[in-house]
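[1] pasting the sequence and the predicted coordinates here, then a few questions.
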Amino acid sequence: MSDSQPILSVRKVSKAFGAVQALNQVSFDVNPGQVVALAGDNGAGKSTIIKAISGVFRHDAGEILLAGEPINFATPHEARENGIETIYQDLALAENLSIGENIFLGREPKRRLFGFLPILDRKKMAEAAQGAMASLDFHVTRLEAPVAAFSGGQRQAIAIGRAIYWNARLVIMDEPTAALGVPEQRRVLALVKNLRGQGKGIIFISHNLRDIFEVADDIVVFRRGENAGVRRPLETTQDEIVKLMVGG
Amino acid sequence: MTITAATPSRSLPHPVILWIAQLRAWVFLILLVAFFEVWARAAEGASFVFNIYNIQSILVFATAPLLLALGQTFVIISAGIDLSLGFVMGLSSVIAAHAANYFAAQWGLPPFAAMLLAILSGTLIAVIPGLVNGLLIAHLQIPPFIGTLGMYGMARGAAYLFAGGMTVGINNDWYSAIGNGRVLGVPVLVIITAVACLIMHYMLSQTHFGQHTYAFGASKVAARRAGINVKRLTVKIYLLSAVGAGLAGAMYTGRFTAGAAQAGEPLLLDSIAAVVIGGASLFGGSGTIWGTIAGALVIAVIQYGLVFINVEPFWQFVAVGAVIIVSVLVDQTQRNLTGGRQVE
């Protein structure tokens, strides 16, 4: 673990929806090059905390610090501009577009044809795609191919490639292995380690304890909106984590 | 463990095959023209395609449905549909005719200036139905089919009301020349439509607007998460589509020297057919202007060609209908082959 300042610091964050206390004084840190897994049952608050971090909604109390600066983003777009990339389970890729076009979706580069006519710079998009994907050991030969032509694990890599290209400091991955077959799950876990090697902070949400134990540096256990404990994979067992998740 | 996945999981056909698949509407157009050529030579002893009059007629014939289909291409790529275009065209045709008469009679403008202002008025009046369509669909979440069907009725009523239930004749030689004249043998209508095609092709293939239309049509969630203002995008798409119909209406008035509320009535389905024959999917996310141009030409060649070889004109409806169905079947097959994509 790095001894520098945490990329993300969640301090006693609370969030209520009406009478339901979805988060109650939750705290944890994510350091550069660290994978923090969020474990917990459905409704334990894992999704709520990542939505608060990624700007889907604002938290009520407590502090979220990004590299020491307090944040409370109004929109996911704002979070993204500040280097927080969230990769949802559905990936949100436009399947009819190429990898490059997806990486640049919403901020496509332009060049000038004949010096005056602005057109989309598809070459730049393709090259950036190749670069970002190569840094994931994913060597794309058909850059013009639509994302629909790629498998689930490869699409996960594309979504991660987007985060890398835009220099995300913190990558939040929501159930990245859930919809995949076993070989693809292995590849995605390798991608997570690769991202860690690049010094990103990673929040990894999964129902699968085996995956969590394989990639996580810290496991933050949620129970009923509260932080039920933080463990390191080498110093705990799956049984202990399950006990923390269900209580008792 | 590293990842060595090098290629797409499903094997993609060779780029050349993909390219031909995307141009299939043009291939079909060539086959169609060849068919009529053989038939015309065998039955009439005359050439179908090597006849400047036929070419001019087919091109002029294609202009009106094509002007509607250009905007419809954007709408269909965005996974929408615009059913109001036929009567937006009618409304614009009537307004353009009134404007030509008004500016000449009341302002005493010379015919040329009156013609320009008439075309402008006819085209710009379409902003109103386009804006309403867009706002209904984007902000009130009304399905495009219903929203534009409502506008179909309103534009229809407005067009007949403005026309007083009749056609509105004009007497303006310049305006008539726009609709019927030629420059170096090329009909003015064809030139104007060609320019519109170039502009629309540029907008669809080279601007953020076009790129976001593709993304939005394929995945609304992806577009929204990428920070695209999807509401503004939707409004723009329906505005563009209506303005295209407005231009078509203004051109109609020149061609027939009269504004007519029913000007675009039979053309709405032709516009959708042209887009679909051109390779767009009604599910959104795919389609090109080049394809739509070929689609409009296919329809025009069928309609004109059947008349040329003396087949009863009603067969053209059957033929165009069959072509639409075949196009969709071909499209589905191709989608299965390639994972579904058409980009210019």
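    On my side now, so go ahead. Numbering: from 1, shown residues only, chains lettered A, B, ... in the order given.
[2] so who does the spatially most central residue of chain B touch?
    For chain B, the residue nearest the mean C-alpha position is B:A69 (1.3 Å; CA atoms, centre = their mean). Neighbouring residues of B:A69 by CB atoms under 8 Å, 6 or more residues apart in numbering or on different chains: B:D270, B:S271, B:I272, B:A274, B:V275, B:G278, B:T292, B:G295, B:A296. Heads up, the C-betas are built off the backbone N, CA and C, glycines and all.
[3] list phi and psi for it.
    When read as degrees, to the nearest 10, the backbone of B:A69 gives phi -70, psi -30.
[4] got it, and A:R142?
    Backbone torsions of A:R142, given as degrees, to the nearest 10, read phi -110, psi 80.
[5] from B:V16, how far out is it?
    Relative to B:V16, A:R142 is positioned 13 Å away (CB to CB, to the nearest Å).
[6] those two: which is more packed in?
    Neighbour count, other CB atoms under 10 Å in any protein chain shown: between A:R142 and B:V16, A:R142 has more, with 16 against 8.
[7] tell me the pLDDT at the more buried one?
    Looking at A:R142, its pLDDT stands at 79.
[8] in three-state terms, label A:V220 for me.
    strand (DSSP: H, G, I helix; E, B strand; the rest coil).
[9] wait, it sits on A:A39?
    Yes: the criterion here is CB atoms under 8 Å, and A:V220 meets it with A:A39 at 7.1 Å.
[10] got the contacts of B:A69 as JSON lines, with distance to chain A columns?
    Output for those, formatted as JSON lines (distance: CB to the nearest CB, whole Å):
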{"residue": "B:D270", "distance to chain A": "26"}
{"residue": "B:S271", "distance to chain A": "22"}
{"residue": "B:I272", "distance to chain A": "20"}
{"residue": "B:A274", "distance to chain A": "20"}
{"residue": "B:V275", "distance to chain A": "16"}
{"residue": "B:G278", "distance to chain A": "16"}
{"residue": "B:T292", "distance to chain A": "17"}
{"residue": "B:G295", "distance to chain A": "19"}
{"residue": "B:A296", "distance to chain A": "23"}
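[11] from A:R80, how far off is the closest residue to chain A within the stretch 101-250 of chain B?
    Proximity of the stretch 101-250 of chain B to chain A (CB to the nearest CB) peaks at B:A226, 3.5 Å away. Applying CB to CB, the value for B:A226 to A:R80 is 9 Å.
[12] comparing the two, which shows the higher neighbour count?
    Comparing B:A226 with A:R80 by other CB under 10 Å, the one with more neighbours is B:A226, at 26 against 23.
[13] quick one: the more buried one from A:R107, how far?
    B:A226 is 8 Å from A:R107, by CB to CB.
[14] ok, residues contacting stretch B:121-133?
    B:82, B:84, B:88, B:91-93, B:95-97, B:99, B:144, B:147-148, B:151, B:154-155, B:235, B:238-243, B:245-247, B:249-250, B:253, B:259.
[15] just the ones of those in strands?
    Residues of the contacts of stretch B:121-133 located in strands (DSSP state E): B:G259.
[16] which among the contacts of stretch B:121-133 end up buried?
    By neighbour count, with 16 or more other CB atoms under 10 Å in any protein chain shown, these hold B:82, B:84, B:88, B:91-93, B:95-97, B:99, B:144, B:147-148, B:151, B:154-155, B:235, B:238-243, B:245-247, B:249-250, B:253, B:259 as buried.
[17] look up which helix or strand the spatially most central residue of chain A falls in, please.
    Closest residue to the average C-alpha location of chain A: A:I172 at 1.8 Å, with CA atoms, centre = their mean. Element membership for A:I172, per DSSP states H and E: strand A:170-174.
[18] that strand packs against which elements?
    Packing partners of strand A:170-174 (3 or more CB pairs under 8 Å, 6 or more residues apart in numbering or on different chains; DSSP states H and E): helix A:46-53, strand A:84-87, helix A:152-165, strand A:201-205.
[19] tell me the helix or strand right after it.
    helix A:182-197.
[20] rewinding a little: higher neighbour count, A:V220 and A:A39?
    A:A39 (28 against 25).
[21] the more buried one - that's part of a strand, no?
    Yes: under three-state DSSP, A:A39 falls within a strand.
[22] for beta bridges, what are the partners of it?
    Applying DSSP bridges to A:A39 yields these beta-bridge partners: A:V221.
[23] in contact with it, which residues?
    Per CB under 8 Å, 6+ apart, neighbours of A:A39: A:K46, A:S206, A:L209, A:I212, A:I219, A:V220, A:V221, A:F222, A:I241, A:L244, A:M245.
[24] correct me, but the fifth one touches A:P233?
    Yes: with contact defined as CB under 8 Å, A:I219 reaches A:P233; the gap is 6.5 Å.
[25] overlap of the contact sets of those two?
    Applying CB under 8 Å, 6+ apart, one finds that A:I219 and A:P233 are jointly contacted by A:I212, A:F213.
[26] neighbour count for the two, which is higher?
    When A:I219 and A:P233 are compared for neighbours, A:I219 comes out ahead with 25 against 19, by other CB under 10 Å.
[27] enumerate the residues of the stretch 151-300 of chain B near chain A.
    Applying CB under 8 Å from any CB of the partner chain, we find that the stretch 151-300 of chain B lies next to chain A at B:202, B:205-208, B:211-212, B:214-215, B:217-219, B:221-223, B:225-228, B:285-286.
[28] of these, grab the buried ones for ChimeraX.
    The ChimeraX selection below is limited to those of these classed as buried (16+ other CB under 10 Å):
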select /B:202,205,206,207,208,211,212,214,215,217,218,219,222,223,225,226,227,228,285,286
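[29] which of the helices or strands spans B:I228?
    Using DSSP H and E, B:I228 maps to neither a helix nor a strand.
[30] ok, now which ones touch the residue of the stretch 101-250 of chain B closest to chain A?
    A:A92, A:L105, A:G106, A:R107, B:A215.
[31] quick check: the first one vs A:G40, distance?
    What that stands for is A:A92. A:A92 is 24 Å from A:G40, by CB to CB.
[32] more neighbours, the two?
    More crowded of A:A92 and A:G40, by other CB under 10 Å: A:G40, with 25 against 20.
[33] now do the same contact list for the more buried one.
    Counting by CB under 8 Å, 6+ apart, A:G40 has contacts A:K46, A:V221, A:F222, A:R223, A:A228, A:M245.
[34] is it true that the first one touches A:L38?
    Yes: using CB under 8 Å, A:K46 makes contact with A:L38 at a distance of 4.5 Å.
[35] what about the chain, any weak spots by pLDDT?
    Here I'm looking at chain A. The model of chain A has pLDDT under 70 over residues A:1-3, A:248.
[36] I was thinking of chain B, sorry if that wasn't clear
    B:1-13, B:335, B:337-344.
[37] so A:G100 makes contact with A:G131?
    No: checked against CB under 8 Å, the pair A:G100 and A:G131 is beyond contact range at 10.0 Å.
[38] which one of these two is surrounded by more residues?
    Counted by other CB under 10 Å, A:G100 and A:G131 do not tie: A:G100 has more neighbours, with 28 against 13.
[39] so how far is A:R169 from that one?
    22 Å.
[40] kindly report the same for A:K51.
    Relative to A:R169, and taking CB to CB, A:K51 is found at 18 Å.
[41] circling back: reformat the contacts of A:G40 as JSON lines; add neighbour count.
    As requested, the contacts of A:G40 are exported to JSON lines (neighbours: other CB atoms under 10 Å in any protein chain shown):
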{"residue": "A:K46", "neighbour count": "24"}
{"residue": "A:V221", "neighbour count": "25"}
{"residue": "A:F222", "neighbour count": "26"}
{"residue": "A:R223", "neighbour count": "18"}
{"residue": "A:A228", "neighbour count": "19"}
{"residue": "A:M245", "neighbour count": "17"}
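[42] still on that earlier bit, kindly reformat the contacts of B:A69 as JSON lines containing neighbour count.
    Output for the contacts of B:A69, formatted as JSON lines (neighbours: other CB under 10 Å):
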{"residue": "B:D270", "neighbour count": "24"}
{"residue": "B:S271", "neighbour count": "34"}
{"residue": "B:I272", "neighbour count": "24"}
{"residue": "B:A274", "neighbour count": "32"}
{"residue": "B:V275", "neighbour count": "31"}
{"residue": "B:G278", "neighbour count": "29"}
{"residue": "B:T292", "neighbour count": "32"}
{"residue": "B:G295", "neighbour count": "34"}
{"residue": "B:A296", "neighbour count": "32"}
